[in-house]
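# Give me the fold of what follows.
(chains A and B)
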Amino acid sequence: MSLRNQNPKESQRSITRRALILGSGMAGIAGVLGYRMHFLQIDQSEQFRLLANENRINIRLIPPTRGRIFDRNGGIVANNIPNYRITMVREDAGDVDEVIYRLSRLVELDPHELEKARSDLKKLRADTPITLTDNASWEDISRVAVNSPALPGIVLEVDSSRHYPLGPDYAHLVGYVGPVSENDLKRIDAPDALLFIPRFHIGKIGIENMIEDSLRGKAGTSHIEVNAAGRSMRELSRVENRPGSDIQLTIDTNLQSYISARLEGESAAAAVIDTNTGDILACVSSPSFDPNLFVNGISNSDYNALLNNKYRPLPNKPVQGIYPPGSTFKMITALAALEDGKLGFREKIHCPGYAQISGRRFHCWNSRGHGSVDLHRSLTESCDVFYYEISLRIGIEKIAEMARRLGLGERYDLPLTSVAKGLIPNKDWKLANRGDSWKIGDTVNSSIGQGYVLASPLQLAVMTARIASGRALEPRIIKSIEGKEEPAIQGEDIGIGEDYLKAIRTAMYETSNNRRGTAYGSRIIMDEFRLAGKTGTSQVRNISSAERKNDVIKNEDLPWEKRDHALFVSFAPYENPRIAIAVVVEHGGSGSRSAAPIARDIALQALYEDDPPLTAYPANVRDMIREQQQRLLEKRPKRTIRGDGRA
Amino acid sequence: MSYLEYSVKHVPTGFRKILHISWPLVIMLSAVAGIGFMILYSVSGGSFTPWVEPQIKRYAVSLALMFVVAMIPIWFLQNMSALAYMATLLLLMSVEFFGSEVNGAQRWIDLGFMRLQPSELMKITLIMLLAAYYDWLPLKNASQPLWVIPPLIFILIPVALVMRQPDLGTSMLLVAGGGMMMFLAGVHWGYFSAVLAAGIGLVASIFLSKGTEWQLLADYQYRRIDTFLDSSSDPLGAGYHFMQSKIALGSGGWSGRGFMQGTQTRLNFLPEKHTDFIFSTFAEEFGFIGAIILLALYVLIISFCISLALSNQNRFSSLLMLGIACTFFLYFAVNMAMVMGLAPVVGLPLPLVSYGGSAMLALMLGFGLVQSAQVHKPR
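This is a model prediction of the structure:
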């Protein structure tokens, strides 16, 4: 056909042959493609469908609102208040600097926070809201809202923030919350995903920390469809969160605040226990601090001021603090001796002002001596020699056992930080911990609550409550969780003969109400509210024999930190006990002078559930008390907001 | 075929030519293009802008050009082959040498309604030239070494230019298309075995040269190869495209996630979803059934072209039609293999479906040649 070309038949055959070869090759490849489609879309489709969902679905947590905390009357102790934040979304702002400048003319911006925000604005994604200022006031928010047209990209956000309306009064018990730290995460085994939310707060100390699980609640989840850039497109499904449980304490805010005010200026601790239920009605550590400072991070200078304060505001003294109980321990030694049958009610022991025991001289606080002393007088006048004597009869083990039965040397199961165990020494303990055998002198020292013996004010209050009630009640601080009452452990009969207990109670009554009693100055003259107590003064230094010869230096002449601790334990009313009180004034000098008046005021405040009438006080102190009441009234918050929550 | 053989008796003239156009081919091509419009509509979130409208315009222009070319006598086109090749080469060189001065690595010439990539056009004109060459060359000479050299030069000049752009996908397509033409023209087996062996050698040297001073490919090309060989190694970096494409495809299942319901596409996880990875979008939304239908359409178009070619007595026409069919095949096979993870990401469009004008225009011009050969075939 062609002028110059080859045989067309030959050409046609060749092309056909080659075309068919190539065509079958192409068909083969098409087959492979089809097979691959089948493999991906049918055989593996489940897996890819899953991956596609993983791509597009983001699970976001909806943080729950934290449970609130109420006092026993339903007054609010820890609350959640709205926290307004001003944030900026870079992509909507346009000119970031201009918008920030305009904003800074409306509200005050912290330069430090602003600097951080600026770097975040550069680093983070354009659609992420960056916080410019936290804790904005309602006025600030209103100003920004009104000017919003001039502030593109500025978004107002609200979340809730913890607030403690009573401030320092509950700082030690309730503690505070704070942002989750690296250390917090390390401590927790399987941290809730919530903890990784920026700005999420958890309990750091106190009840906030100890019952964190109940207070926190459970996060809800929101399944959000996001695009490849991570921007959320829509919500696919939502599981609502479960708010944290509300908690009611056994504490009476009115009493708690009164005691806080009463202890002001002292480094002191006080605990009040209901002798029927074991409820802790008040538990105060002085001085205190404002827990609200900690919620959004305390400044270094504030924190250092707290750390360097010699009155140590941070520890919870009634629960964490341990002190030699001093003479308040004498009831234990007496009960141990009575129960052991080594002491008769009327038995008299001579006190020359000291006791010579295995070549050492042990002094009575009264160097002139008490003369002939029986159990009754030994308590009311707090004779030491009497107890040296009887402790030798019964030995340390009996004393230690009695101390344990009355609640000392035991760590109570309370949701508070660092509940102290205290120390009730015995022979085994000394061998194990001091590597030394028990000496007679140790028993003698222990008999009057000195030496190794250590107890927390709360333990002393429990001891007093057990003596007053005759039952082994346990302290309780949580009244109910989410309306569900926590059981009170009223305890079984303590197993000490009623006549023994009665003798001790009577002696305590006399201590407060007999003209010769060490706490006579702090008596209550209202018959139905009579106080029964025991003073204690515990040495924090050794008195050398040389010093003793030259007359012991008076406490007032010593530097503060070397003065004796002043203690007072009491219960009231004597006839029908309702409350037990323990007061410790660190370096307060003597129990009768500094601790007993406080306990009396607390008792009256608790029994009257308000400021008591002056007629409850002896006539000679009424003027002073009137002044004091007025002074304290100013310091105390307005009477408890009752019925604010559910009681 | 020369005009001397062009006999009025055997070949339709005037408007009667329209009757001889292969209408099934037109319908199949339009069906594929229609699928393309539909996917683009879905990709843009149910809107004719920004992609569907220009794409429809381009298809209309391309279709019109196809008809125009179909009307031109095939012998005239045959005589123009060398000229067309030279013109395309000039265009290629102009974008290569002048385009880069204007705007970085510019591969296209602005035609106003679209941007033309000469390299796409080259795929067609190269086929034309080779078909004309082998029509001219006596069959018995086809395998002689001396006569093998010219077609190799015809192929390698544009390949070299395209490689410089650098556009690995297109240059590979040119090599493969040219090679297929030579195979169809009856060049001896031995050459292909030799080239295959050399190819293996080249691949080996490409890998060996990696990281050395005489590195043969650009870094990004190596990365793409690495990604292909082990896509799971770096799912957020280089392997991202691959993985997302496979997820889109795989999550389609039998019947797909529904029109405009593909999450991979809608939420932008899929890259290049309107161009190179458009098949993944389609497969995600229409599933295995949709994908296999599209594949079948492509296969049908190619089979149809092959059957037309084999029924044509003219050597130039046969070779040309087969060459166009092969080029078309290479396009979709490489693209599909790429999105399904069977080939490296080389950046080739899915023919007539992907958004973009050059490949569509070039292919429709190619099919115009096929139509012309069919209309003017010796009867």
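# Next secondary structure element downstream of the worst-scoring helix or strand of chain A on mean pLDDT?
Scoring the helices and strands of chain A by mean pLDDT, DSSP states H and E places helix A:545-549 at the bottom, with a mean of 63. Next in sequence after helix A:545-549, counting helices and strands by DSSP states H and E, comes strand A:565-572.
# gap between residue A:611 and residue A:604?
8 Å (C-beta to C-beta, to the nearest Å). In short, each C-beta sits where N, CA and C put it, glycine included.
# actually residue B:325, not the one I typed
109 Å.
# just to revisit the earlier point, so residue A:611 and residue A:604 - more neighbours on which side?
Legend: neighbour count by other C-beta atoms under 10 Å in any protein chain shown for residue A:611 and residue A:604, higher for residue A:604 (22 against 16).
# give the contact list for that one.
For residue A:604, the set of contacting residues under the criterion of C-beta atoms under 8 Å, 6 or more residues apart in numbering or on different chains consists of A:524, A:526, A:529, A:612, A:616, A:617.
# What distance do you get for the last one to residue A:528?
When you say that, I think you mean residue A:617. As judged by C-beta to C-beta, residue A:617 and residue A:528 stand 15 Å apart.
# what about residue B:299, how many neighbours?
Residues near residue B:299, counting by other C-beta under 10 Å, number 18.
# Make sure I have this right: it is in a helix.
Yes. Residue state for residue B:299 (DSSP: H, G, I helix; E, B strand; the rest coil) corresponds to a helix.
# I'd say it and residue A:30 touch.
Yes. Taking C-beta atoms under 8 Å as the contact criterion, residue B:299 and residue A:30 are neighbours in contact, 5.1 Å apart.
# quick one on the thing from earlier: neighbour count for residue A:617 and residue A:528, which is higher?
Taking residue A:617 and residue A:528 together and counting by other C-beta under 10 Å, residue A:617 has the greater number of neighbours (22 against 12).
# Counting neighbours, which bits of stretch A:360-367 end up buried?
Burial within stretch A:360-367, assessed by neighbour count using 16 or more other C-beta atoms under 10 Å in any protein chain shown, is assigned to A:362, A:363, A:364, A:365.
# That stretch: how far from the chain's middle?
How far stretch A:360-367 lies from its chain's middle: 40 Å, per C-alpha atoms, centre = their mean, to the nearest Å.
# closest point of the stretch 201-350 of chain B to chain A, which residue?
With C-beta to the nearest C-beta as the measure, the residue in the stretch 201-350 of chain B that lies nearest chain A is residue B:250; the distance is 2.6 Å.
# What sits closest to that residue if chain neighbours are left out?
Using C-beta to C-beta, 6 or more residues apart in numbering or on different chains and skipping residues adjacent in sequence, the residue nearest residue B:250 is residue A:48, 2.6 Å away.
# wait, what's in contact with that neighbour?
With contacts taken as C-beta under 8 Å, 6+ apart, residue A:48 has the following neighbours: A:40, B:246, B:247, B:249, B:250, B:251.
# Pretty sure the third one sits against residue B:265.
No. Residue B:247 is beyond contact range of residue B:265, at 10.9 Å (criterion: C-beta under 8 Å).
# In which helix or strand does the closest residue to residue B:291 other than its chain neighbours reside?
Leaving aside its sequence neighbours, residue B:291 sits nearest to residue B:283 (C-beta to C-beta, 6+ apart; 4.3 Å). Here residue B:283 is covered by helix B:278-310, with elements defined by DSSP H and E.
# That helix packs against which elements?
With contacts defined as 3 or more C-beta pairs under 8 Å, 6 or more residues apart in numbering or on different chains; DSSP states H and E, helix B:278-310 has these neighbours: helix A:8-38, helix B:23-43, helix B:240-250, helix B:263-266, helix B:315-339, helix B:358-375.
# how's chain A carved up into domains?
Residue ranges for the structural domains of chain A, counted by automatic domain parsing, are given in the record as A:60-249, A:253-299+A:324-635.
# who wins for most neighbours among the contacts of residue A:48?
Those, ranked by neighbours (other C-beta under 10 Å): first place residue B:249, 31 neighbours.
# downstream neighbour of the lowest-mean-pLDDT helix or strand in chain B in the secondary structure list?
Of all the helices and strands that make up chain B, helix B:100-103 has the lowest average by mean pLDDT, DSSP H and E, namely a mean of 44. Next along the chain after helix B:100-103, taking DSSP H and E as the criterion, comes strand B:109-110.
# what does that next one contact?
Judged by C-beta under 8 Å, 6+ apart, the contacts made with strand B:109-110 from elsewhere in the structure are B:91, B:94, B:95, B:99, B:115, B:116, B:117, B:118.
# repeat that with 10 Å
Outside strand B:109-110, the residues within contact range by C-beta atoms under 10 Å, 6 or more residues apart in numbering or on different chains are B:91, B:94, B:95, B:98, B:99, B:115, B:116, B:117, B:118, B:121, B:358.
# Show me the contact partners of the strand or helix carrying residue A:634.
With elements taken from DSSP H and E, the one containing residue A:634 is helix A:622-635. Residues from elsewhere that reach helix A:622-635 (C-beta under 10 Å, 6+ apart): A:257-262, A:264, A:597, A:600-601, A:604-605, A:611-618, A:621, A:639.
# Can you tell me which of the residues you listed are buried?
Among the contacts of helix A:622-635, those classed as buried by neighbour count (16+ other C-beta under 10 Å) are A:257-262, A:597, A:600-601, A:604-605, A:611-612, A:616-617, A:621.
# Which one of those residues is nearest to residue B:190?
Lowest distance from residue B:190 to the buried ones among the contacts of helix A:622-635 (C-beta to C-beta) belongs to residue A:260, with 104.2 Å.
# Now the closest one: closest residue in space, sequence neighbours ignored.
For residue A:260, the nearest residue in space outside its immediate sequence neighbours is residue A:169; the separation is 4.7 Å by C-beta to C-beta, 6+ apart.
# One more: residue B:357?
Take residue B:357 and drop its neighbours on the chain: the residue closest to it by C-beta to C-beta, 6+ apart is residue B:114, 3.4 Å away.
# quick one: buried residues of the helix or strand harbouring residue A:534?
Secondary structure from DSSP H and E places residue A:534 in strand A:532-538. Residues A:532, A:533, A:534, A:535, A:536, A:537, A:538 are the ones in strand A:532-538 that count as buried (16+ other C-beta under 10 Å).
# Show the overlap between those residues and what lies near chain B.
Restricting the buried residues of strand A:532-538 to those within reach of chain B (C-beta under 10 Å from any C-beta of the partner chain) leaves nothing.
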